[in-house]
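Student: how does the following fold in three dimensions:
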Amino acid sequence: MKILWIDIDTLRADHLGCYGYLRNTSPNLDRVAREGVRFEHCYVSDAPCLPSRAALHHGRFGFHTGAINHSGSYADPYKEGPTRGFKNSAAYKKFVEVLQKGAGLYTGTVSSFAGRHSSWWFLAGYHEVYDCGKSGGELASEVAPKALDWLERNGAKDDWFLHFNCWDPHRGYRTPPEYGNPFEDAPIETWLTQELIDRQRQTYGTRSALWPRGREGEVPAREVEQIRNTDDYKVWIDGYDTGIRYADEQIGRIFAKLEALGVYEDTAIVISSDHGENQGELNVYGDHHTADLITSRVPMIVKWPGVKPRVDNGFHYQFDIAATILELLGQDVPGRWDGVSFKDAFLAGRDEGREYLVVSQAAWSCQRAVIWDDFILIKSYMDGLKDYPEHMLFNWREDPHELNNLAESMPAKLNEGLAKLQCWIDEQMASADVKEDPMMKVIEEGGPCHTRGRLRSFLEYYEKIGKPEIAERMREKYEGVWQYGGAGEKSEVGSRKSEVGT
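Tutor: Residues are numbered from 1 along each chain as shown. Model (predicted):
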């Protein structure tokens, strides 16, 4: 079997044509979607970048890997412990290790992820590794040639796996100026209105309408200093969509190489991402801060030789796809994985998803969300310097951009979601090797990586731009006291401590 895994960082599903987007961002990816199985409801269990890839490659929830933050003690996976032999136990094998040692595939990766995050476990099982050394700042056009070279040497052979990773949709929007703007005359979606922008500008949050870049200094051509109106938003979203289109063109070169080698039809192609990207939802622009629908949902397209094209509407975690691929290759899913294979349903062309999903975020905020039926419930344990209530409930089918919080108006549905969440937490604790909730440990340690020590800079910024009332609201909420758990439950964290770790 030949397998190509396309991993486009920061790619939200609904900005691809095959998922219904109004702009032509992804002609090459859309082609594969027409030829394969497009998963409508695939989610990463843990976001963003490091936790997501840790969960996928370990086949386990962040609750079980322990790798849920971007810094601190919980940016690294737990050790296996006493059961570890000369090598890790078979029950703990990572995805690519099974592909290499079990399925006998020759494996390669073109990715700067491991170097960017010092996540060296990611390289387990690869025969060949190429890291351009730019920590995710590279262009797809810089790394696509490495994938083309790998395929030139290996693509016509049998039994290989190539992982190709590009970062172009990730801020800052780096597409070369000479590429231009393919969406200059294209309309934007109508859900982001001037009225909504005006409301967002009366509140605060990391990467919010008042400060989407999160830093001061020269503003790149494809970004704006603030989101003041829909014209600013168009500049912003054009930058994101142009990154997608640029990556799509380079990936098209890789598909063309498979065709030139005569192996395109026989190659399994998987297209996905490590997380989505909020672009105005929950007042987050160009980043991935929450356990919400937009950040947690990823595209998932699988073109598998012999499997008919269709749309799968089941609820799946991304590591369920990995587990399914292992079984399609005749391999057992490692015993300590949380990923569940649905191989038989996949081959038969029927949906077989989970009843509900729980997704988590602990690098920008500490949140968990339950996704079931038509609803998503988001619980904030630590809001990450955002003006959020403890609970947010949305009907994702009717309100996919999360504009109308139903938590107060639908208490029965809120309690249903909370019950599912507590059941999931109890199940994970009971099956955990390390008997702790790593999210609570992140909070005890000082909170999410990207908001530790940021309070003072936010107060100064809002005062500088003439919004002292917002600074005062943040001062009252956060200085000396961090929101920690449920309503009324506080953890004393002095403002001096909260400034550590910028």
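
Student: average pLDDT for stretch 344-357?
Tutor: Averaging pLDDT along stretch 344-357 gives 98.

Student: so what touches that stretch?
Tutor: Here stretch 344-357 makes contact (CB atoms under 8 Å, 6 or more residues apart in numbering) with 37, 41, 43, 45, 302, 304, 307-308, 310, 312-317, 320, 324, 328, 340, 342, 370-372, 420. Quick note: C-beta positions are derived from backbone N, CA and C, even for glycine.

Student: what's around L258, how many residues?
Tutor: By the other CB atoms under 10 Å criterion, the neighbourhood of L258 contains 19 residues.

Student: repeat for the one 5 residues further on
Tutor: A count of nearby residues for V263, using other CB under 10 Å, gives 18.

Student: who touches D312 in this structure?
Tutor: With contact set as CB under 8 Å, 6+ apart, D312 has these partners: 37-40, 346, 351, 353.

Student: could those residues be laid out in CSV, adding secondary structure, neighbour count and distance to S119?
Tutor: Shown next, in CSV, are those (DSSP: H, G, I helix; E, B strand; the rest coil; neighbours: other CB atoms under 10 Å; distance: CB to CB, whole Å):
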residue, secondary structure, neighbour count, distance to S119
V37, strand, 19, 29
R38, strand, 25, 29
F39, strand, 26, 25
E40, strand, 17, 29
F346, helix, 22, 29
D351, coil, 17, 33
G353, coil, 20, 29
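
Student: may I see those arranged in TSV, with distance to R60 as well?
Tutor: Formatted as TSV, the contacts of D312 follow (distance: CB to CB, whole Å):
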residue	distance to R60
V37	24
R38	26
F39	20
E40	24
F346	21
D351	24
G353	19
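
Student: between those, which sits nearest W120?
Tutor: Proximity of the contacts of D312 to W120 (CB to CB) peaks at F39, which lies at 29.6 Å.

Student: which residue, other than its chain neighbours, is closest to the closest one?
Tutor: Among residues not flanking F39 along the chain, M300 sits closest, at 3.9 Å (CB to CB, 6 or more residues apart in numbering).

Student: the one you found belongs to a strand?
Tutor: Yes: checked against DSSP: H, G, I helix; E, B strand; the rest coil, M300 lies within a strand.

Student: can you pull the contacts of it?
Tutor: M300 makes contact with 13, 38-39, 42, 270-272, 316, 318, 321 under the criterion CB under 8 Å, 6+ apart.

Student: would you mind measuring from it to I8?
Tutor: 12 Å (CB to CB, to the nearest Å).

Student: who touches both of these two?
Tutor: With contacts taken as CB under 8 Å, 6+ apart, M300 and I8 have 271-272 as neighbours in common.

Student: quick one: whatever helix or strand V311 lives in to chain centroid distance?
Tutor: Here V311 sits within strand 310-317, counting by DSSP states H and E. Its chain's C-alpha centre and that of strand 310-317 lie 17 Å apart, by CA atoms, centre = their mean, to the nearest Å.

Student: quick check: what element follows that strand along the chain?
Tutor: helix 318-328.

Student: which of the contacts of M300 lies closest to Q361?
Tutor: Using CB to CB, Q318 comes nearest to Q361 of the contacts of M300, at 14.7 Å.

Student: what sits against the closest one?
Tutor: Residues in contact with Q318 (CB under 8 Å, 6+ apart) are 42-45, 52, 55-56, 272, 298, 300.

Student: stretch 128-145: end-to-end distance?
Tutor: The straight-line separation of the ends of stretch 128-145 (CA to CA, to the nearest Å) is 15 Å.

Student: contact partners of it?
Tutor: Under CB under 8 Å, 6+ apart, the answer for stretch 128-145 is 9, 107-116, 123, 146, 150, 164-168, 170, 174-176, 246-247, 249-251, 253-254.

Student: please name the nearest non-neighbouring residue to D383.
Tutor: Counting by CB to CB, 6+ apart, D383 lies nearest to S365, which is 5.6 Å off, once chain neighbours are set aside.

Student: so what's K467 up against?
Tutor: Contacts were defined as CB under 8 Å, 6+ apart; by that measure K467 touches L210.

Student: I'd like to know how far it sits from L192.
Tutor: Counting by CB to CB - K467 and L192 are separated by 21 Å.

Student: E249 now?
Tutor: E249 sits 26 Å away from L192, going by CB to CB.

Student: who has more neighbours out of the two?
Tutor: More crowded of E249 and L192, by other CB under 10 Å: L192, with 22 against 18.

Student: which residues of this protein score low on pLDDT?
Tutor: 481-502 (pLDDT under 70).

Student: dead centre of it: give me the residue that sits there.
Tutor: Residue closest to the mean C-alpha point of the chain, counted by CA atoms, centre = their mean, is H275 at 1.5 Å.

Student: isn't that one right next to A47, touching?
Tutor: Yes: using CB atoms under 8 Å, H275 makes contact with A47 at a distance of 4.3 Å.
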